[in-house]
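Engineer: The amino acid sequence is not available; the structure is as follows:
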C-alpha cells in the first residue's frame, strides 16, 4: 500500500492546502449550511402561518354554521309553537 503523497508541486505546498484556502472552504461550507437553515426556517414559517390562517378560517366557518343551526332551531321552535296553537 502506498503512503499518501503530500499535495505539493516543486517542493511547495499546493495553494489548496494553505490556511487561507482552508478558511475559504470552511466559510463556503458555513454559507451553504446557513442557506439550508434559512430555507428550512422559511418553509417552517410558511407552514406555521398557513396553519394559523387555516385555524382562523375554520373558526369563522364553525361560527357561521353554528349561527345558521341556532337560527334554524329557533325558527323550528316557533313554527312548532304556532302549529300547536293552531290545532
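Structural biologist: That came through fine. Since the structure is predicted, the reported quantities are computational estimates derived from the model, not experimental observations. Numbers count the residues shown, from 1 in each chain.

Engineer: Would you map the helices across the chain?
Structural biologist: For the chain, helices defined by DSSP state H occupy the ranges 19-85.

Engineer: Where does the prediction get shaky in it?
Structural biologist: For the chain, applying pLDDT under 70 flags the ranges 1-18.

Engineer: same thing but 90
Structural biologist: 1-25, 87 (pLDDT under 90).

Engineer: Need the residue closest to the centroid of it.
Structural biologist: Geometric centre of the chain, nearest residue: residue 44, 2.1 Å, by Cα atoms, centre = their mean.

Engineer: What is the burial count for residue 79?
Structural biologist: Residues near residue 79, counting by other Cβ atoms under 10 Å, number 10. All C-beta atoms are positioned from the backbone trio N, CA, C, and that covers glycine.

Engineer: gap between it and residue 70?
Structural biologist: Distance, residue 79 to residue 70, using Cβ to Cβ, to the nearest Å: 15 Å.

Engineer: and what of residue 35?
Structural biologist: According to Cβ to Cβ, residue 35 and residue 70 sit 52 Å apart.

Engineer: Residue 57 too?
Structural biologist: Look at residue 57 and residue 70: by Cβ to Cβ, they are 20 Å apart.

Engineer: cool, residue 39 as well?
Structural biologist: For residue 39 relative to residue 70 (Cβ to Cβ), the value is 46 Å.

Engineer: again with residue 28
Structural biologist: 63 Å.
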